[in-house]
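[1] Predicted model, plus sequence, below.
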Amino acid sequence: MKKSLILTGAMLALSASFAAAEGINLSFNDCGLNGTRFATFNCLSNTGTPFTAIGSFIPPPAIAEFLGINAQVDVTTAAALPDWWKHGATSCRSTSGMSVSFDFTSGPFSCTDFFSGQAAGGFLYEAGFATPNRARIRLTCAVPFDNRGPVDENLEYYAFKLNLQRAKSTGTGSCAGCEQQACIVLNEIQLFQPPEAGNDPIITSAAEANHVTWQSSTVPGCPESTPARNSSWGQVKSLYR
(Lines give C-alpha, C1' and ligand atoms only; values in the text may rest on other atoms or scores of the structure.)
Protein backbone atom coordinates (compact mmCIF):
# COMPACT_ATOMS: atom_id res chain seq x y z
CA MET A 1 0.00 0.00 0.00
CA LYS A 2 2.82 2.39 0.95
CA LYS A 3 4.67 1.62 -2.30
CA SER A 4 1.50 2.32 -4.27
CA LEU A 5 1.05 5.69 -2.57
CA ILE A 6 4.67 6.62 -3.21
CA LEU A 7 4.38 5.66 -6.89
CA THR A 8 1.13 7.57 -7.26
CA GLY A 9 2.69 10.64 -5.64
CA ALA A 10 5.70 10.44 -7.93
CA MET A 11 3.46 10.19 -11.01
CA LEU A 12 1.42 13.19 -9.88
CA ALA A 13 4.58 15.22 -9.31
CA LEU A 14 5.87 14.29 -12.76
CA SER A 15 2.53 15.20 -14.33
CA ALA A 16 2.45 18.55 -12.55
CA SER A 17 5.97 19.46 -13.65
CA PHE A 18 5.16 18.52 -17.26
CA ALA A 19 2.02 20.66 -17.25
CA ALA A 20 4.00 23.62 -15.96
CA ALA A 21 6.71 23.43 -18.64
CA GLU A 22 6.78 26.54 -20.82
CA GLY A 23 5.55 26.17 -24.37
CA ILE A 24 3.30 27.45 -27.16
CA ASN A 25 0.22 26.04 -28.86
CA LEU A 26 -1.76 26.74 -32.02
CA SER A 27 -5.25 25.29 -32.56
CA PHE A 28 -8.44 26.16 -34.36
CA ASN A 29 -11.37 27.49 -32.29
CA ASP A 30 -9.74 27.29 -28.84
CA CYS A 31 -6.41 26.99 -27.04
CA GLY A 32 -4.19 23.91 -27.12
CA LEU A 33 -5.91 20.59 -26.53
CA ASN A 34 -9.26 22.36 -26.27
CA GLY A 35 -9.15 23.24 -29.97
CA THR A 36 -8.93 21.26 -33.21
CA ARG A 37 -5.91 20.41 -35.30
CA PHE A 38 -7.24 21.25 -38.78
CA ALA A 39 -9.93 23.12 -40.69
CA THR A 40 -11.63 22.37 -44.00
CA PHE A 41 -13.67 24.66 -46.23
CA ASN A 42 -15.54 23.91 -49.49
CA CYS A 43 -14.66 27.39 -50.78
CA LEU A 44 -18.23 27.94 -52.06
CA SER A 45 -19.10 31.04 -50.04
CA ASN A 46 -17.62 34.48 -49.45
CA THR A 47 -19.37 35.18 -46.18
CA GLY A 48 -19.84 33.42 -42.86
CA THR A 49 -17.94 32.69 -39.69
CA PRO A 50 -14.17 33.00 -40.12
CA PHE A 51 -11.81 30.13 -39.43
CA THR A 52 -9.96 31.16 -36.27
CA ALA A 53 -6.55 29.84 -35.30
CA ILE A 54 -5.77 30.60 -31.66
CA GLY A 55 -2.26 31.02 -30.30
CA SER A 56 -1.58 30.41 -26.62
CA PHE A 57 1.40 30.06 -24.29
CA ILE A 58 2.55 28.66 -20.96
CA PRO A 59 5.08 31.17 -19.60
CA PRO A 60 8.39 30.45 -17.93
CA PRO A 61 8.83 31.32 -14.24
CA ALA A 62 9.49 34.82 -12.92
CA ILE A 63 7.46 36.93 -15.35
CA ALA A 64 6.28 39.60 -12.91
CA GLU A 65 5.50 42.56 -15.21
CA PHE A 66 4.04 41.05 -18.37
CA LEU A 67 3.01 43.67 -20.92
CA GLY A 68 2.50 42.01 -24.27
CA ILE A 69 3.74 39.71 -26.99
CA ASN A 70 5.34 39.40 -30.38
CA ALA A 71 4.47 36.26 -32.31
CA GLN A 72 5.58 34.77 -35.61
CA VAL A 73 3.44 32.44 -37.71
CA ASP A 74 4.43 30.79 -41.01
CA VAL A 75 2.03 29.61 -43.72
CA THR A 76 3.50 27.09 -46.18
CA THR A 77 1.94 25.49 -49.26
CA ALA A 78 3.27 22.71 -51.50
CA ALA A 79 3.76 24.93 -54.57
CA ALA A 80 4.07 28.70 -54.87
CA LEU A 81 1.77 30.54 -52.46
CA PRO A 82 -1.64 30.81 -54.20
CA ASP A 83 -3.56 34.07 -54.49
CA TRP A 84 -5.99 33.02 -51.72
CA TRP A 85 -3.06 33.17 -49.30
CA LYS A 86 -1.89 36.61 -50.49
CA HIS A 87 -3.05 39.34 -48.13
CA GLY A 88 -2.39 43.06 -48.19
CA ALA A 89 -3.56 46.25 -49.87
CA THR A 90 -2.08 45.30 -53.26
CA SER A 91 -2.71 41.54 -53.04
CA CYS A 92 -5.61 39.44 -54.32
CA ARG A 93 -7.32 39.04 -50.96
CA SER A 94 -6.60 42.68 -50.10
CA THR A 95 -7.15 43.56 -46.43
CA SER A 96 -10.47 41.72 -46.10
CA GLY A 97 -9.14 38.16 -46.12
CA MET A 98 -7.38 38.07 -42.76
CA SER A 99 -7.69 39.82 -39.41
CA VAL A 100 -6.27 39.43 -35.93
CA SER A 101 -7.72 39.98 -32.50
CA PHE A 102 -6.37 39.92 -28.96
CA ASP A 103 -9.82 40.15 -27.34
CA PHE A 104 -11.08 37.03 -25.58
CA THR A 105 -13.75 38.67 -23.45
CA SER A 106 -16.47 36.90 -25.44
CA GLY A 107 -14.69 33.56 -25.34
CA PRO A 108 -13.52 30.96 -25.62
CA PHE A 109 -12.81 30.55 -21.92
CA SER A 110 -10.77 27.33 -21.61
CA CYS A 111 -7.47 29.13 -20.97
CA THR A 112 -6.56 32.26 -19.02
CA ASP A 113 -7.18 35.71 -20.51
CA PHE A 114 -4.56 38.10 -19.14
CA PHE A 115 -5.47 40.84 -21.61
CA SER A 116 -9.10 41.19 -20.43
CA GLY A 117 -9.98 43.18 -23.54
CA GLN A 118 -7.25 45.79 -22.88
CA ALA A 119 -4.63 44.69 -25.43
CA ALA A 120 -4.06 46.69 -28.62
CA GLY A 121 -1.92 45.63 -31.54
CA GLY A 122 -1.76 44.53 -35.14
CA PHE A 123 -0.02 42.32 -37.66
CA LEU A 124 2.20 42.34 -40.75
CA TYR A 125 1.80 39.77 -43.53
CA GLU A 126 4.77 38.99 -45.80
CA ALA A 127 3.92 36.76 -48.78
CA GLY A 128 6.89 34.95 -50.30
CA PHE A 129 8.93 35.12 -47.10
CA ALA A 130 12.24 33.22 -47.59
CA THR A 131 10.69 31.00 -50.31
CA PRO A 132 7.87 31.48 -52.89
CA ASN A 133 5.62 28.98 -51.09
CA ARG A 134 5.76 30.65 -47.68
CA ALA A 135 4.26 33.64 -45.92
CA ARG A 136 5.18 35.06 -42.52
CA ILE A 137 2.76 36.74 -40.15
CA ARG A 138 4.15 38.95 -37.40
CA LEU A 139 1.76 39.86 -34.59
CA THR A 140 2.30 42.38 -31.79
CA CYS A 141 0.11 43.52 -28.93
CA ALA A 142 0.40 45.09 -25.49
CA VAL A 143 -1.81 46.17 -22.62
CA PRO A 144 -1.64 49.72 -21.19
CA PHE A 145 1.55 50.09 -19.14
CA ASP A 146 -0.35 50.38 -15.86
CA ASN A 147 -2.08 47.05 -16.58
CA ARG A 148 1.17 45.06 -16.58
CA GLY A 149 1.35 42.22 -14.09
CA PRO A 150 2.52 38.68 -13.31
CA VAL A 151 1.67 35.56 -15.29
CA ASP A 152 1.60 32.12 -13.69
CA GLU A 153 3.94 29.44 -15.01
CA ASN A 154 1.26 26.83 -14.23
CA LEU A 155 -1.38 28.36 -16.50
CA GLU A 156 -1.93 28.51 -20.26
CA TYR A 157 -2.74 32.00 -21.57
CA TYR A 158 -4.51 33.18 -24.70
CA ALA A 159 -2.21 35.17 -27.02
CA PHE A 160 -4.06 35.96 -30.26
CA LYS A 161 -6.81 35.04 -32.69
CA LEU A 162 -5.85 34.75 -36.36
CA ASN A 163 -9.06 34.98 -38.39
CA LEU A 164 -9.18 33.59 -41.93
CA GLN A 165 -12.16 35.22 -43.63
CA ARG A 166 -14.09 33.61 -46.49
CA ALA A 167 -13.94 36.66 -48.73
CA LYS A 168 -13.04 36.20 -52.42
CA SER A 169 -13.23 32.40 -52.25
CA THR A 170 -15.69 31.94 -55.12
CA GLY A 171 -17.35 33.76 -58.02
CA THR A 172 -16.32 36.92 -59.86
CA GLY A 173 -13.15 38.43 -58.42
CA SER A 174 -12.30 35.34 -56.40
CA CYS A 175 -8.71 34.40 -55.53
CA ALA A 176 -7.49 30.98 -56.65
CA GLY A 177 -6.09 28.47 -54.20
CA CYS A 178 -8.60 28.29 -51.35
CA GLU A 179 -8.80 24.52 -51.78
CA GLN A 180 -5.02 23.99 -51.58
CA GLN A 181 -3.59 22.39 -48.46
CA ALA A 182 -1.50 24.54 -46.16
CA CYS A 183 0.61 24.12 -43.03
CA ILE A 184 0.32 26.90 -40.45
CA VAL A 185 3.08 26.99 -37.82
CA LEU A 186 3.45 29.16 -34.74
CA ASN A 187 7.23 29.60 -34.66
CA GLU A 188 7.49 31.60 -31.47
CA ILE A 189 5.89 33.87 -28.94
CA GLN A 190 8.07 36.44 -27.21
CA LEU A 191 6.85 37.83 -23.90
CA PHE A 192 7.64 41.46 -23.08
CA GLN A 193 8.21 43.21 -19.79
CA PRO A 194 9.51 46.74 -19.14
CA PRO A 195 13.15 47.15 -20.31
CA GLU A 196 14.49 47.42 -16.77
CA ALA A 197 13.29 43.87 -16.06
CA GLY A 198 15.85 42.59 -18.59
CA ASN A 199 13.78 39.48 -19.26
CA ASP A 200 11.83 39.14 -22.52
CA PRO A 201 11.83 35.37 -23.08
CA ILE A 202 11.21 33.83 -26.50
CA ILE A 203 9.21 30.59 -26.31
CA THR A 204 9.72 28.26 -29.26
CA SER A 205 8.95 24.77 -27.96
CA ALA A 206 5.49 23.31 -28.44
CA ALA A 207 3.48 22.63 -25.29
CA GLU A 208 1.13 20.28 -27.15
CA ALA A 209 1.26 21.27 -30.83
CA ASN A 210 2.40 24.51 -32.42
CA HIS A 211 0.85 23.93 -35.85
CA VAL A 212 -2.48 23.39 -37.60
CA THR A 213 -3.38 22.32 -41.13
CA TRP A 214 -5.74 23.70 -43.74
CA GLN A 215 -7.97 21.50 -45.97
CA SER A 216 -6.58 18.21 -44.63
CA SER A 217 -5.88 16.56 -41.30
CA THR A 218 -2.38 15.75 -42.56
CA VAL A 219 -0.17 17.85 -44.83
CA PRO A 220 3.13 16.34 -46.05
CA GLY A 221 6.13 17.94 -44.35
CA CYS A 222 4.04 19.78 -41.76
CA PRO A 223 5.18 21.41 -39.52
CA GLU A 224 7.49 23.58 -41.62
CA SER A 225 9.02 26.82 -40.43
CA THR A 226 12.12 28.96 -40.77
CA PRO A 227 14.44 30.16 -38.01
CA ALA A 228 12.82 32.93 -36.00
CA ARG A 229 14.21 36.43 -35.77
CA ASN A 230 14.60 38.01 -32.36
CA SER A 231 12.26 40.90 -31.72
CA SER A 232 12.80 43.97 -29.62
CA TRP A 233 11.13 46.05 -26.94
CA GLY A 234 10.79 48.82 -29.56
CA GLN A 235 8.05 46.91 -31.38
CA VAL A 236 5.86 46.81 -28.29
CA LYS A 237 6.96 50.28 -27.13
CA SER A 238 5.59 51.72 -30.37
CA LEU A 239 2.08 50.77 -29.25
CA TYR A 240 2.32 53.36 -26.45
CA ARG A 241 2.98 56.29 -28.79
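    Yep, that arrived.

[2] Now do the same contact list for Pro60.
    Neighbouring residues of Pro60 by C-beta atoms under 8 Å, 6 or more residues apart in numbering: 22, 153, 201, 203. Backbone N, C-alpha and C define where each C-beta goes, glycine included.

[3] let's see 10 Å
    Neighbouring residues of Pro60 by C-beta atoms under 10 Å, 6 or more residues apart in numbering: 20-23, 151, 153, 191, 199, 201, 203.

[4] where are the low-confidence patches of this protein?
    1-20, 224-241 (pLDDT under 70).

[5] Quick check: the gap between the residue nearest the centre of the chain and Ala21.
    Most central in the chain under C-alpha atoms, centre = their mean is Gly55, positioned 2.9 Å from the mean C-alpha point. Taking C-beta to C-beta, to the nearest Å as the measure, Gly55 falls 17 Å from Ala21.

[6] Please apply the same query to Ala135.
    Counting by C-beta to C-beta - Ala135 and Ala21 are separated by 30 Å.

[7] Which one's more surrounded, the two?
    Shown here are Ala135 and Ala21; by other C-beta atoms under 10 Å, Ala135 has more neighbours (24 against 11).

[8] can you confirm the more buried one is in a strand?
    Yes - with DSSP: H, G, I helix; E, B strand; the rest coil as the criterion, Ala135 is assigned to a strand.

[9] unless I'm mixing things up, it is touching Trp84, no?
    No - between Ala135 and Trp84 there is no contact under C-beta atoms under 10 Å: 11.2 Å.

[10] got any residues that touch both of the two?
    Residues touching both Ala135 and Trp84 (C-beta under 10 Å, 6+ apart) are 77, 182.

[11] Direction included, what does whatever helix or strand Ala71 lives in pair up with?
    Following DSSP states H and E, one finds Ala71 within strand 68-77. Counting by DSSP bridges, the strands paired with strand 68-77 are strand 134-142 (antiparallel), strand 182-192 (antiparallel).
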